[in-house]
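Visitor: Have a look; sequence and predicted model below, questions after that.
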Amino acid sequence: MDGLKRYPLAQISAQLVLLLGMLGLQACGVDARGSEPAGSSINCPPVQKTDSAAQRQLRAAWIATVTNIDWPSKPGLPVATQKQEFINLLDALRQMHMNAAIVQVKPAADAFYPSHYGPWSQYLTGTQGKDPGYNPLAFMIEESHRRNLEFHAWFNPFRVSLQDDIQKLAPNHPARQHPDWVVSYGGKLYYNPGLPEVRTFVIQSILEVVKNYDIDAVHLDDYFYPYRVAGQDFPDQAAYQQYGAAHFPNKDDWRRDNINRFMQDLAQSIKQAKSYVKLGVSPFGVWRNKSVDATGSDTTAGQTDYDDLFADTRTWIRQGWLDYIAPQIYWNFGFPAAAYEKLVQWWSQEVRGKRVQLYIGQAAYKITNWSDSNEMPKQLQYNLTIHEVQGSIFFSLKDLLANPHNIRDLLSNDIYKQPALIPTMPWLAGKAPQSVAHLSTQQAGSAIVLHWQDTTNNNAAYYAIYRVESTQQCQTMLLDMTRKAGNNSTQEFRDTTAVKGKTYTYYVTALDRLHHESKVSAGIKITVR
């Protein structure tokens, strides 16, 4: 998923015709899946279900750091250049009305922050273990939150190196200090998930970030046990004999149990440290093929989560260990081996009625490979027809920024024309803040400046600004979100999109960090001069 593998080029057979409509809101306040309704200060009809799906969505992109896929553009850049590059990426996310960044902070048993569990990443300076001169993770979180973007810290738990010579690792690398933890497979080095001490070590390395940084989520991708290499078995026979053979006659069952134990322990540890930090996984898009398991998907994938990566995602969903799952459905409509629509439907059935949200991993990197230039817009439109789908994550950001088939423009100006709130997770801690008060407006040049009062002890993390045009009754626009400015009682927002001669009514709501929304403020009307 981080660019180290690519899936077979899809051949088009998509015959599903879906109109690429604008996802505008016909809503008043907030009333969407995973959320509570806003107050009734706006006297409008109830929210229509088709529109509420667009108003509450996770919209995110992966920012991969391994081999400098997305950031930094190359190792060894000056600190100021690295920082500006990242700021530019965040500003691009905001311009496309995204609301979360999935950033790879531990790509290969190294770190983008000072760590007791791994050396500094070589992708920062060009030399593994070399201090870059600042704390990239602290910087990235601060800048993301400044733009009201959730920050999901993305970890590759068991991958040690993309090459197989342990002596090439930094001298202080834990893998060199514990060579018995490490195996070589397919020309790469991995920590052995079959060793209990390895699983504990990896969990502690993740908790180091959870405890010390203000992240919103821990994110794992599809690398648990590595993808199978033809003719090679993962070299864990000694660990199997020591820890598994007596209880698991089948080694594959033991491997799945290792990852299940890891996931359960990680989930419990995160919630004990910070109950509001989410745990999400983005697995390979196929759990099992129907030919092997009647409950699997109608696919013929060469490798699967359950049988090859030993990632039993179904168990994780049913046990409630995850807060969200984002399968990488990287194929087009009608693709014979793994059709997009069949997999979206299969995963939606898996999460139905479960305490986990479903987002779709979208293959931005394959847009130019598909013969239908509208494949990605059709996929996003199709997602809105499936009740369980609550957002999308694009791999990767650089592919969106390249604007293939105008996808960046379509997101900014049409598909994601208006911002969206992130769905709430009712099983996590959090509650709606108190309403804001004393909303006022004034014109400053061509901008409309809003001020409101919020109590200093309110649990608001940010605010949503709604705007209604008087000439379009009940056409409420979620105009923007703005981060709470410290503990100031007076907050401010500038609407630079107001049009001269139009009359607007503004409303403001307060939201906590888990996106529970207050009742709306009293509205205030102004005509732009």
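Guide: Happy to help now that I have it.
Visitor: Show the average pLDDT along stretch 186-197.
Guide: The average pLDDT for stretch 186-197 rounds to 98.
Visitor: Show the end-to-end separation of that stretch, please.
Guide: 23 Å (Cα to Cα, to the nearest Å).
Visitor: And the contacts of it?
Guide: Residues outside stretch 186-197 that contact it (Cβ atoms under 8 Å, 6 or more residues apart in numbering): 109, 157-164, 166, 169, 175, 181-184, 198-199, 201-202, 224-226, 229, 232, 236, 239-240, 243-244, 254-255, 258-259, 262. Every residue, glycine included, has its C-beta placed from N, CA and C.
Visitor: buried residues in that stretch?
Guide: For stretch 186-197, the neighbour count (16 or more other Cβ atoms under 10 Å) marks 188-195 as buried.
Visitor: nearest residue to V468 other than its sequence neighbours?
Guide: Spatial nearest neighbour of V468, excluding adjacent residues (Cβ to Cβ, 6 or more residues apart in numbering): T505 at 4.5 Å.
Visitor: State the helix or strand in which the one you found lies.
Guide: Using DSSP states H and E, T505 maps to strand 503-511.
Visitor: follow-up on the earlier one: of the contacts of stretch 186-197, just the buried ones, PyMOL syntax please.
Guide: What follows is the PyMOL syntax for the buried subset of these, where burial is set by 16+ other Cβ under 10 Å:
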select buried, resi 109+157+158+159+160+161+164+169+175+181+182+183+198+199+201+202+224+225+226+236+239+240+243+244+254+255+258+259+262
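Visitor: now the residue nearest to A432 when sequence neighbours are not counted: how far from E143?
Guide: Ranked by Cβ to Cβ, 6+ apart and with sequence neighbours excluded, the top spatial neighbour of A432 is H516, at 4.2 Å. Going from H516 to E143 by Cβ to Cβ, to the nearest Å gives 25 Å.
Visitor: higher neighbour count, these two?
Guide: Neighbour tally, H516 and E143, criterion other Cβ atoms under 10 Å: the higher count belongs to H516, 21 against 18.
Visitor: what about the strands in the stretch 101-250 of the chain?
Guide: 150-155, 159-161, 182-185, 188-191, 217-220 (DSSP state E, counting those that start in this stretch).
Visitor: Among these, which comes closest to G391?
Guide: strand 150-155 (11.0 Å; Cβ to Cβ).
Visitor: Just the CA trace of that closest one, in CSV.
Guide: The C-alpha coordinates for strand 150-155 follow below in CSV (Å, rounded to 0.1, in the frame of the first residue of the first chain):
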residue,chain,number,x,y,z
GLU,A,150,-7.1,14.9,12.0
PHE,A,151,-3.6,13.4,12.3
HIS,A,152,-3.5,9.6,12.0
ALA,A,153,0.0,8.2,12.8
TRP,A,154,0.7,5.4,10.3
PHE,A,155,3.0,2.6,11.5
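Visitor: List the buried residues of stretch 353-361.
Guide: 355-361.
Visitor: picking that back up, and the strands of the stretch 101-250 of the chain as JSON lines, adding distance to A337?
Guide: Formatted as JSON lines, the strands of the stretch 101-250 of the chain follow (distance: least, Cβ to Cβ, whole Å):
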{"stretch": "strand 150-155", "distance to A337": "27"}
{"stretch": "strand 159-161", "distance to A337": "26"}
{"stretch": "strand 182-185", "distance to A337": "25"}
{"stretch": "strand 188-191", "distance to A337": "26"}
{"stretch": "strand 217-220", "distance to A337": "25"}
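Visitor: Can you check which of these gets nearest to S489?
Guide: strand 150-155 (25.5 Å).
Visitor: Touching that closest one from outside, list them.
Guide: Taking Cβ under 8 Å, 6+ apart as the rule, strand 150-155 contacts 60, 62, 99-106, 137, 140-141, 144-145, 205-206, 209, 213-221, 278, 280, 422.
Visitor: for stretch 122-131, same thing?
Guide: 65-68, 72, 75-76, 82, 107, 110, 112, 114, 119-121, 132, 136, 169-173.
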